[in-house]
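Chemist: Give me the fold of what follows.
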Amino acid sequence: MTEQTITIRNRAGIHARPAALLVQATKDFKSNIYFEKDNDRINAKSIMGIITLGAAYGAEIRIVAEGEDEQSAVDALVRLFESKFEEE
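Modeler: Numbers count the residues shown, from 1 in each chain. Predicted coordinates for the structure are as follows:
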């Protein structure tokens, strides 16, 4: 299992567009990938799950991946979060 905590740095937080980008980024990975916020854990391959997580600017999200390509999956998602979803 590979985990990394990241802080949401784009001002709009996670809304429909970033959620779609996250799902797109996860689709080619074989690993199970989850996002955790507070006591909620959702499937990172589910756009509805990501949107219902309600992750606003400044929120901390833990990325958790389990499987054969878990490190690559976490690295790809971290890059996407760090780029602020190319919104700023």
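
Chemist: contacts, neighbours, all on C-alpha from now
Modeler: Will do.

Chemist: tell me the mean pLDDT for stretch 81-88?
Modeler: The average pLDDT for stretch 81-88 rounds to 87.

Chemist: Can we start the residue count at 41 from this point?
Modeler: Yes, from this point I'll number from 41; that puts the last item at stretch 121-128.

Chemist: in it, what counts as buried?
Modeler: Within stretch 121-128, the residues that qualify as buried are F121, K124, F125, counting by 16 or more other Cα atoms under 10 Å.

Chemist: could you list every residue that touches G98?
Modeler: Residues in contact with G98 (Cα atoms under 8 Å, 6 or more residues apart in numbering) are T47, I48, R49, G53.

Chemist: possible to save those residues as TSV with pLDDT, distance to L62 and neighbour count?
Modeler: Listed next are the contacts of G98 as TSV, based on pLDDT from 0 to 100; distance: Cα to Cα, whole Å; neighbours: other Cα atoms under 10 Å:
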residue	pLDDT	distance to L62	neighbour count
T47	97	15	16
I48	96	13	20
R49	94	15	19
G53	94	13	18
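
Chemist: of all these, which two lie farthest apart?
Modeler: Largest separation among these by Cα to Cα: T47 and G53, giving 10.1 Å.

Chemist: picking up where we left off before, could you dump the buried residues of stretch 121-128 into JSON lines with distance to S86 and secondary structure added?
Modeler: Formatted as JSON lines, the buried residues of stretch 121-128 follow (distance: Cα to Cα, whole Å; DSSP: H, G, I helix; E, B strand; the rest coil):
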{"residue": "F121", "distance to S86": "17", "secondary structure": "helix"}
{"residue": "K124", "distance to S86": "20", "secondary structure": "helix"}
{"residue": "F125", "distance to S86": "17", "secondary structure": "helix"}
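
Chemist: Which ones among the contacts of G98 lie within strands?
Modeler: T47 (DSSP state E).

Chemist: Same list (the contacts of G98) but as a markdown table, adding distance to I90.
Modeler: Below are the contacts of G98 laid out as a markdown table (distance: Cα to Cα, whole Å):
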| residue | distance to I90 |
| --- | --- |
| T47 | 15 |
| I48 | 13 |
| R49 | 16 |
| G53 | 11 |
